[in-house]
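**Student:** How does the following fold in three dimensions:
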Amino acid sequence: MKYEVTNSQYMTYLEEALTNGDISVTSSTAQGNYSGDEYYGSGDYEYLDLDDNDCRISWDGSSYSVIEGYEDHPVVDVTWFGAHAFAQHYGLRLPDEYEWEKAARGMSGTAYPWGEDYGDDISDNANYNNSGDPWDNGTTPVGCYNGENGTTDSPSPYGAYDMAGNVWNWTHS
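**Tutor:** Coordinates of the predicted model:
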């Protein structure tokens, strides 16, 4: 994907998966079945920790909602199993670590997705703790560093955004 998965996108996935019977939900977690592989046995695994203070998706016993103002922020507290299930649901897959690295930096081997130098102020290119941006020590909206909002357009060589900063990303490996 060009951008990180937003809270709204993940909430839509959860609603569809719940309707299809692919997940179960309690007040504190969304979970589903993983068929297993060479590292993990088949069984039910947590997909999203709804109880975590950083999670912006909530469940009221009958429906999901996203905390107002965080609809376009990247979803957090998703486990590897939850990221894998989201990708499969939409006919996608998680990249392996080498694919992710190439998507982030291309073939140049530069330190940052946008090049070797982070410029006059790295907070123009990426979100990080104590950056001083309007969302300091939290997440920025997905695609925020696209040259609008006083930021520098900071895609990777392959056009992917938020490959540095904001939140951690899962890979298949």
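**Student:** Where do the domain boundaries of the chain fall?
**Tutor:** According to automatic domain parsing, the chain comprises the domains 7-89, 97-168.
**Student:** First-to-last residue distance for the first one?
**Tutor:** Pointing back at domain 7-89 there. 16 Å (CA to CA, to the nearest Å).
**Student:** Also the last one?
**Tutor:** Terminal residues of domain 97-168 are spaced 13 Å apart (CA to CA).
**Student:** can you check stretch 129-143 too?
**Tutor:** Terminal-residue distance, stretch 129-143 (CA to CA): 18 Å.
**Student:** now do stretch 46-61
**Tutor:** For stretch 46-61, the end-to-end distance is 17 Å (CA to CA).
**Student:** Stretch 50-58 too?
**Tutor:** Distance between the two ends of stretch 50-58: 6 Å, counting by CA to CA.
**Student:** shaky segments in this structure?
**Tutor:** The model of the chain has pLDDT under 70 over residues 111-128.
**Student:** Can you show me the strands along it?
**Tutor:** Secondary structure of the chain (DSSP state E): strands at 23-25, 29-34, 43-49, 57-59, 64-66.
**Student:** export those to TSV and tack on mean neighbour count and distance to residue 79?
**Tutor:** No exception for glycine: its C-beta is placed from N, CA and C like everyone else's. Converted to TSV, these look like this (neighbours: other CB atoms under 10 Å; distance: least, CB to CB, whole Å):
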stretch	mean neighbour count	distance to residue 79
strand 23-25	19	12
strand 29-34	20	9
strand 43-49	19	5
strand 57-59	19	14
strand 64-66	18	17
